[in-house]
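Peer 1: return atomic coordinates for the entry below.
(2 chains)
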Amino acid sequence: MRALTYHGKQKVQVDTHPDPEIVNPRDAIIEVTSTAICGSDLHLFNGVIPGVLKGDILGHEFMGIVVEVGPKSTLQKGQRVVVPFTISCGACFHCRNQEFSHCDNSNPADKQDVSEALYGHSMAGLFGYSHLTGGYPGGQAEYVRVPFSDVGPIVVPDHLTDEQVLFLSDILPTGWMAADQATVERGDTVAVWGAGPVGLFAAQSARVMGAEQVIVIDHHPNRLRLARQLGCKVIDRSQTNVLEALMEMTGGQGPDAVIDAVGMESHGLENFNAFDAVKQKVGVGADRIGAMREAILAVRKGGRVSIPGAYGGFSDKFPTGALMEKGLTVRTGQTHVQRYYRDLLRRIEEGEIDTTFLISHTLPLEDAPKGYDNFRNNQDEWTKVVLKPKMEKAHA
Amino acid sequence: MTRQTRLTEPAVVATAATLGLGALAGLAAYALLQPASAPGRAAAGLLGRPPEPPRPGDDAPGRTKGSTFGGFAVTGRSVTIGKPRQEVWAFLRDLSNLASFMEAVESVQAEGEGHRWRLKGGTEVTTRLVNEHEGEQVAWRSTEDSPVETEGKVMLHDAPAGRGTVVEAVLAWKPVAGAAGRLLGKLTQKDPLIQARRDLKRLKMLLEAGEIATNVNRREQRNEPAATHDLTPAEAT
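Peer 2: Residues are numbered from 1 along each chain as shown, chains lettered A, B, ... in the order given. Reported below is the predicted structural model:
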């Protein structure tokens, strides 16, 4: 099969790999019809997430048709499914508590040592991510072996297009969980850092949950335009002092909840971010936490900090003083997709949530490297790239 | 609007490098002078501080403090499995099941009063059961003619609030080539501590999920045990 393969920092290409087969009883094989490039794929692409190896197949947002099932799978051949990026057994303590991204049993035992050293505990297996999360071959491929297929994939009705449901695999539940973890209350102002896919979906979710005012902060004009379309207010950080503006837009209180949908590769030189950038260049596993620092300073006293943005290493100059003195609540984590996707599918079917506005480009899988390049370097226009294995390659 | 001084990249690099070196030096000094650490104690001695009085014991298992007792290396790990104790016991009591999740073990066969363990790499160890309490503990010790001196036990107790069963495995063995052998084991990931931790994780996978997680796409690439286990219905816990 053909699959997008990591070949080192900012080097990806589509290679031929052996087709996957059923390995464990609960497996299924999915023939991919649509897959997307995620913002966190850019962290992998940029080489700042530890444990990505040459030869790894990337991609964790995908959907397709069931073509093969193991004896313990509950899926049937021919079913159309969206697959969560988190691999979860459904049976351990965490899965039974609906914390699917904390699954104890999906990360192979010999892959857990490094994350135990780095984080104290190992995380669930994720498709197409890092060997810290299992090193599972990803979804930017023609076929994917899906473990625990009786727990993960959600069957979607035929009348919904791929574009309407594909983002149930990650970014829609991720945005929704970000807003959920910000516990939106009546009258709240929610400020969202980053108008990328997760930030926009978080902003949209906060509005659905009844926030009085949602303010999105970014510096890309087109992305801010999309935020406006969703009914949000925007702050363009390239022309405005963010902290001052947020105070003035909330009657001197500060936002009740803040969402950092930027993650470890924050832009700009403010908020000590320049120092973080230097350390990250040296490759010491440093996270750039400029957005997080700003969010923690901005949020009102007793406010809530929700962090869906991806971080992988360590940071310093974390504002512990502000965190403690202001009595903040911090909630974060990889998304518990299976906790949210049924409810979100219903909201899509009922027309309450539309995610198709985000897609700026659709490319054949063979053109995936071009998609990575533009999603990284032309962020303002390339807001979301969908890849189709069956689409004819464009003649360039 | 206030105008900030422009930060040029060389200036930033220079500042960060200076700060970074300063931080490293500070960290080194802190580590050296910290009274709790062993080098710290040595340094404190050199600096003429009085030695610390002996401390009262704590509640942590002894194996978490040191790893050698009377020439034996000792290691132990715990895992909580979301299954009733009787079910975990029924699986573990049959020592031949150990091969289905233990990395280093090819097979375990009952032989007379005890067991013959065939390890990967060809070594064979014979053991006899020394201490067995139904549903709570099974322990074994190598026999006199076994080439490797080892003992081990597995203890089970109920996890709180219906969370299943805590399985505690403790292994003691005489390292084949002493301390050097132990170090070599660590470097090649054949160290029993690393193996025990992974083995218990695979046991948990097998009993909770019915299979052992692997990231390979094809059966012939598989590098961990391929065992499966028939699950009891979820309401069992």
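
Peer 1: which stretches in chain B count as strands?
Peer 2: B:68-69, B:72-81, B:105-111, B:114-119, B:124-133, B:137-142, B:150-158, B:165-173 (DSSP state E).

Peer 1: what pairs with the helix or strand harbouring residue A:31, and is each one parallel or antiparallel?
Peer 2: Here residue A:31, judged by DSSP states H and E, is contained in strand A:28-37. Using DSSP bridges, the strands paired with strand A:28-37 are strand A:61-69 (antiparallel), strand A:143-146 (antiparallel), strand A:385-388 (antiparallel).

Peer 1: before we move on, the earlier item: between the strands of chain B, which one is nearest to chain A?
Peer 2: Nearest of the strands of chain B to chain A, taken as CB to the nearest CB: strand B:72-81 at 7.1 Å. Quick note: C-beta positions are derived from backbone N, CA and C, even for glycine.

Peer 1: now for the residue nearest to residue B:79 when sequence neighbours are not counted: which residues touch it?
Peer 2: Residue nearest to residue B:79 in three dimensions, not counting chain neighbours: residue B:200, with 4.1 Å by CB to CB, 6 or more residues apart in numbering or on different chains. Residue B:200 makes contact with B:77, B:78, B:79, B:167, B:169 under the criterion CB atoms under 8 Å, 6 or more residues apart in numbering or on different chains.

Peer 1: look up how far residue B:115 lies from residue B:200.
Peer 2: Residue B:200 sits 19 Å away from residue B:115, going by CB to CB, to the nearest Å.

Peer 1: show me the shaky parts of the stretch 201-350 of chain A.
Peer 2: A:268-273, A:275, A:278-279, A:281-285 (pLDDT under 70).

Peer 1: in the chain, which spans are helices?
Peer 2: Picking chain A for this. Shown for chain A, the helices assigned by DSSP state H span residues A:39-45, A:93-96, A:112-119, A:162-165, A:171-181, A:197-208, A:221-229, A:242-248, A:273-282, A:290-298, A:320-325, A:337-349, A:368-377.

Peer 1: chain B is the one I meant
Peer 2: B:9-33, B:38-46, B:85-93, B:178-187, B:192-209.

Peer 1: hmm, which helix or strand of chain B has the shakiest average pLDDT?
Peer 2: Using mean pLDDT, DSSP states H and E, the weakest-scoring helix or strand in chain B turns out to be helix B:9-33, at a mean of 49.

Peer 1: ok, now which ones touch the residue nearest to residue A:392 when sequence neighbours are not counted?
Peer 2: Closest residue to residue A:392 apart from its sequence neighbours, by CB to CB, 6+ apart: residue A:364 at 6.3 Å. Each residue near residue A:364 by CB under 8 Å, 6+ apart is listed here: A:387, A:388, A:389, A:391, A:392, A:393, A:394.

Peer 1: and residue A:364, bridged to which residues?
Peer 2: With DSSP bridges as the criterion, residue A:364 is bridged to residue A:388.

Peer 1: would you mind measuring from it to chain B?
Peer 2: According to CB to the nearest CB, to the nearest Å, residue A:364 and chain B sit 22 Å apart.

Peer 1: surely residue B:81 meets residue B:164?
Peer 2: Yes. Using CB atoms under 8 Å, residue B:81 makes contact with residue B:164 at a distance of 5.1 Å.

Peer 1: what is in contact with the two at once?
Peer 2: Joint contacts of residue B:81 and residue B:164 (CB under 8 Å, 6+ apart) are residue B:88.

Peer 1: before we move on, the earlier item: run the angle between the strand holding residue A:31 and helix A:197-208 for me.
Peer 2: Counting by axes from the mean of the first three to the mean of the last three CA atoms, to 10 degrees, strand A:28-37 lies at 90 degrees to helix A:197-208.

Peer 1: what's the residue nearest to residue A:255 when sequence neighbours are not counted in contact with, if anything?
Peer 2: Spatial nearest neighbour of residue A:255, excluding adjacent residues (CB to CB, 6+ apart): residue A:191 at 4.0 Å. Contacts of residue A:191 were listed using CB under 8 Å, 6+ apart, and they are A:214, A:215, A:216, A:217, A:246, A:255, A:257, A:258, A:259, A:295, A:298, A:299.

Peer 1: where does chain B dip in pLDDT?
Peer 2: B:1-48, B:66-69, B:176-190, B:232-237.

Peer 1: distance of the closest residue to residue A:330 other than its chain neighbours from residue A:340?
Peer 2: Among residues not flanking residue A:330 along the chain, residue A:305 sits closest, at 4.6 Å (CB to CB, 6+ apart). Using CB to CB, one gets 20 Å for the distance from residue A:305 to residue A:340.

Peer 1: just residue B:194 next, same as before
Peer 2: Residue B:194 is 36 Å from residue A:340, by CB to CB.

Peer 1: gap between the residue nearest to residue A:255 and chain B?
Peer 2: 21 Å.

Peer 1: do residue A:193 as well
Peer 2: 20 Å.

Peer 1: residue contacts, the residue nearest to that residue when sequence neighbours are not counted?
Peer 2: Once flanking residues are discounted, residue A:193 sits nearest to residue A:291: 4.3 Å by CB to CB, 6+ apart. Contacts for residue A:291 (CB under 8 Å, 6+ apart) come out as A:193, A:194, A:260, A:262, A:263, A:266, A:271, A:309.
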